[in-house]
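**Student:** next input, structure requested:
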Amino acid sequence: MTNDLSNVRNIGIVAHIDAGKTTTTERILFYTGKIHKHGDVHDGNTTTDFMIQERERGITIQSAAISCEWNNHAINIIDTPGHVDFTMEVERSLRVLDGAVCVFCAVGGVQPQSETVWRQADRYNVPRLAFINKMDRMGADFNRVVDELKDKLKANACPIELPIGKEETFKGVIDLINMKEIVYDEASEGKKFTVGEISSEFADDAQLARAELVEKVADLDEEVMEAFLEKGDLSNEELIPAIRRLVVAGKLVPVLCGTSLRDKGVQPLLDAICAYLPSPLDRPSVTATDLKSGEIVTRKQSDSELLTSIVFKIATDPYVGKLFFVRVYAGVLKKGANAYNPRTKKRERIMKIVRLFADDQIEVDELKAGDIGAVVGLKDCTTGDTLCAEMKPCYLERITAPQPVMFLAIEPKSSADKDKLVESMYTLAAEDPTCQVREDEETGQTILSGMGELHLEILVDRLKREFKCAANVGKPMVSYVETVTAPATTKFSFDRELGGKRHAVTLTLAVKPLERGEGVKIELSRDFRNTVADKHLQECVEQGLKDGIATGVLARYPMTDLAVECVAAEMVDMEISDEVAFRSAAVMGFREAAENAAPEFLEPIMKLEITTPPEAVGEVLGDLNSRRGTVLDMSQRGDMQLVHARVPLAKLFGYATSIRSLTKGRASYSMEPDMFDIAPKNVREEILSR
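**Tutor:** Now for the predicted structure:
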């Protein structure tokens, strides 16, 4: 691997499900010489889809890290899932990456999950290339997808390649930078290709596209504007660095095309990754919060800085145990050295460091600034933890996980299996922040929560296969949440004798609703902090409020989109107004305040994109109406009708079967979480009567 940080590329391959991410990654590994025979998704033998569940279903479930080299550049790749249930894998990958290749289907165009990953990349300011895949498929349309990139994603998309032919006549690409055409030899699996002059058939289109590219670059980059005004064109020595500057700044998205399955267009994509996507040095200095002062500190992405790194993923390896995926932003993470975890305020000994090759590992002595690898042997570490230098501890912004929308009850086949099952579920929850485990207080059942039916199915399958846990599993159910819809203030007095000792305190608590998606805010007023100066007692109140929020007031669902403030405290004396009193008063006082604040259930609403034959639109719309769905808009794509709608998740169980029968198997759909909304009165009554 190169030691020059300017030649390192940390990239993700992201897209909607079935756009061709894993196949593209497989061809990248093939052409860079990392593997000598490429696999295919439908054969279940790709390098990055190594889980048995991935190979059986032909989908990516876990993001896989892998490294390769091209033209003296070290490329660290993370292949991410496209299915909406595993969006957290994309979220935490984009959090640590410097660039991304967004893959789009030349037929499907910009699909719902494409929009989701694009927004995630926007959130972390990740520079992107767009690769329009499957140009050999019936219905492929390069120009339409470029237009959708501009219209739907508001991307400043500009082709740097044009396709030579389309559908069954697609044979290569026109390179608009060098103004050459590249035609691939299928018999050599794309390893052989000819580079020649652009044929007369495509010459005019290529000249026009090149002129548009140069004009757009000159318009956005002041450094080359003068040269463009003088000559009306730009040399490659001027154009390539200018495109790179614009991509790194997030002002331009170069568009390439090809068909990974048919081995065309991947080598120019590799060239573009090296030429245009940023190295760690091109990215802004990382910002962190000083643990002691609370001030913002910056760390340059350099080996000479103090160690600053983040654990962005945890996986369980059958041979080495837990693997903690780490991105090093600054400093050097060394084998045998100590790193400090500011969350636990403890040292962690770095026992073993590995570089990752999907499910294989290569042991190394260190990870330098800009590197992605994994650490073995950490004792108390979770996703989003910072590992830093102990002399000046700081912490990076944590990775936030979306709220689970579905759950099921799970119990061991025998009492002897209970401890093993619970331990295994907590292992899964440590790996996946969107997997949550809790025990129902009333029924005593263990509840497993996740992001959808497929997510839960995979979790249960892993429990049975990987962890050898025999379990009885209930039906998946929608995971509602609770909220408040009005402000309320309560003065709650807790005064009880427990274990022969009196515990008493009075707290004044104020609750108010927040906008959808704002989550939970807990505050302690200045008056309260002046009255109760003891930090430990303040923490007891905060923990009590968190416990009350986690268990809700209507039907034990967690609460969200609310703010609660502990306004004041009236103490008896330090002996009686102790931590038991404060914590109990906080829990019970919060529940009383929330009950007075017009509590309601929130149900998860999904956004659907349905592709259906025009003659079946009436049946599809009627079915959506029966499911309490709201149609947002309709449009035409080729000879098919696109329907966009919002539907409550509770009404989408078994939808795949229904839409197939309604349209004689000709329609398809995809969905993603959209929002939480107040459940109607009849749904509220149904939940309360369970």
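**Student:** drop to CA atoms for contacts and neighbour counts, all remaining ones
**Tutor:** Fine.
**Student:** where does the stretch 451-600 of the chain dip in pLDDT?
**Tutor:** Judged against pLDDT under 70, the stretch 451-600 of the chain has no low-scoring part.
**Student:** skipping adjacent residues, who's closest to Pro558 in space?
**Tutor:** Ala550 (4.3 Å; CA to CA, 6 or more residues apart in numbering).
**Student:** surely that neighbour meets Gln543?
**Tutor:** No. With contact defined as CA atoms under 8 Å, Ala550 does not reach Gln543; the gap is 10.4 Å.
**Student:** just to revisit the earlier point, mind checking the SS state of the residue nearest to Pro558?
**Tutor:** Ala550 falls in the helix class when you classify it by DSSP: H, G, I helix; E, B strand; the rest coil.
**Student:** and it, what is it in contact with?
**Tutor:** Residues counted as contacts of Ala550 (CA atoms under 8 Å, 6 or more residues apart in numbering) are Arg556, Tyr557, Pro558, Met559.
**Student:** give me the distance between it and Tyr655.
**Tutor:** Distance, Ala550 to Tyr655, using CA to CA, to the nearest Å: 31 Å.
**Student:** just confirm Asp18 is within a strand.
**Tutor:** No. Assigned with three-state DSSP, Asp18 falls outside any strand and is coil.
**Student:** what about Ala203, which helix or strand?
**Tutor:** Here Ala203 sits within helix 200-220, counting by DSSP states H and E.
**Student:** surely Glu453 meets Met406?
**Tutor:** Yes. Contact criterion CA under 8 Å: Glu453 and Met406 qualify, at 7.3 Å.
**Student:** now Leu261: how far from Gly196?
**Tutor:** 24 Å.
**Student:** tally of neighbours for Thr531?
**Tutor:** The tally of other residues near Thr531 (other CA atoms under 10 Å) stands at 13.
**Student:** what of Glu539?
**Tutor:** Glu539 has 15 nearby residues by other CA under 10 Å.
**Student:** which helix or strand contains it?
**Tutor:** helix 535-551.
**Student:** quick one: buried residues of that helix?
**Tutor:** Neighbour counts over helix 535-551 (16 or more other CA atoms under 10 Å) mark 537-538, 540-551 as buried.
**Student:** and for the nearest residue to Gly384 once chain neighbours are set aside, the neighbour number?
**Tutor:** Leaving aside its sequence neighbours, Gly384 sits nearest to Arg398 (CA to CA, 6+ apart; 4.7 Å). Using other CA under 10 Å, Arg398 is surrounded by 15 other residues.
**Student:** and Arg398, how far from Arg95?
**Tutor:** 10 Å.
**Student:** what's the answer for Leu153, then?
**Tutor:** Counting by CA to CA, the gap from Leu153 to Arg95 is 20 Å.
**Student:** number of nearby residues for Ser635?
**Tutor:** There are 11 residues near Ser635, going by other CA under 10 Å.
**Student:** list the contacts for it?
**Tutor:** Applying CA under 8 Å, 6+ apart to Ser635 gives the contacts Gln641, Leu642, Val643.
**Student:** next one: it from Val146, what distance?
**Tutor:** 17 Å.
**Student:** repeat for Ser689
**Tutor:** 51 Å.
**Student:** same thing with Ile549?
**Tutor:** Distance from Ile549 to Val146, by CA to CA: 46 Å.
**Student:** re the thing from before, so which of the contacts of Ser635 wins on neighbours?
**Tutor:** Neighbour max across those (other CA under 10 Å) = Leu642, 22 neighbours.
**Student:** tell me the SS of that one?
**Tutor:** Leu642 - assigned by three-state DSSP - is strand.
**Student:** need the pLDDT of it.
**Tutor:** As predicted, Leu642 sits at a pLDDT of 90.
**Student:** these two touch, right, it and Ala616?
**Tutor:** No. Counting by CA under 8 Å, Ala616 is not a contact partner of Leu642; they are 11.4 Å apart.
**Student:** Leu261 and Gly196: which is more packed in?
**Tutor:** Leu261 (19 against 12).
**Student:** where's the more buried one relative to Asp18, distance?
**Tutor:** 12 Å.
**Student:** next one: Ala593
**Tutor:** Distance from Ala593 to Asp18, counting by CA to CA: 48 Å.
**Student:** who's more crowded, these two?
**Tutor:** Ala593 (25 against 19).
**Student:** could you check how far Ile458 is from Gly452?
**Tutor:** Going from Ile458 to Gly452 by CA to CA gives 10 Å.
**Student:** what do you get for Pro342?
**Tutor:** The gap separating Pro342 from Gly452 is 33 Å, by CA to CA.
**Student:** ok, Gly370 next?
**Tutor:** From Gly370 to Gly452 the distance is 34 Å (CA to CA).
**Student:** ok, these two, which is more surrounded?
**Tutor:** When neighbours are counted by other CA under 10 Å, Gly370 comes out ahead of the other of Gly370 and Gly452, with 27 against 22.
**Student:** got a list of contacts for stretch 563-577?
**Tutor:** 502-514, 520-525, 527-528, 531-532, 590.
**Student:** in strands only, show me these.
**Tutor:** Among these, DSSP state E puts 502-513, 520-524 in strands.
**Student:** just the buried ones from those?
**Tutor:** Buried among those by 16+ other CA under 10 Å: 503-513, 520, 522, 524.
**Student:** can you pick out the most distant pair from these?
**Tutor:** His503 and Pro513 (31.1 Å; CA to CA).
**Student:** distance between stretch 172-184 and the chain's centre?
**Tutor:** 34 Å (CA atoms, centre = their mean, to the nearest Å).
**Student:** show me what that stretch is in contact with.
**Tutor:** In contact with stretch 172-184 (CA under 8 Å, 6+ apart) are residues 160-165, 171, 190-199, 206, 209-210, 236, 239-240, 257-258, 263-265.
**Student:** for burial, what's the neighbour tally of the residue lying closest to Arg516 once chain neighbours are set aside?
**Tutor:** Once flanking residues are discounted, Arg516 sits nearest to Asp561: 5.9 Å by CA to CA, 6+ apart. Using other CA under 10 Å, Asp561 is surrounded by 20 other residues.
**Student:** if we can go back for a sec, may I see the ChimeraX selection of the buried members of the contacts of stretch 172-184?
**Tutor:** Under the burial definition 16+ other CA under 10 Å, those of those that qualify are selected in ChimeraX by:
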select :160,161,162,163,164,171,190,193,198,206,209,210,239,240,257,258,263,264,265
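**Student:** return the subset of the contacts of stretch 172-184 lying in strands.
**Tutor:** Per DSSP E, those map to strands at Glu161, Leu162, Pro163, Ile164, Phe193, Thr194, Val195, Gly196, Cys257.
**Student:** what's opposite the last one in the beta bridge?
**Tutor:** Think Cys257. Per DSSP bridges, the residues bridged to Cys257 are Ile132.
**Student:** surely it and Ile164 touch.
**Tutor:** No. Contact criterion CA under 8 Å: Cys257 and Ile164 do not qualify, at 9.9 Å.
**Student:** identify the residues contacting Cys435.
**Tutor:** Under the criterion of CA under 8 Å, 6+ apart, the contact list for Cys435 reads Pro404, Leu428, Ala429, Leu448, Ser449, Gly450, Met451.
**Student:** can you give me the distance of the residue positioned nearest the centre of the chain to Asn76?
**Tutor:** Nearest to the geometric centre of the chain sits Glu91, at 2.0 Å (CA atoms, centre = their mean). Glu91 is 17 Å from Asn76, where distance means CA to CA.
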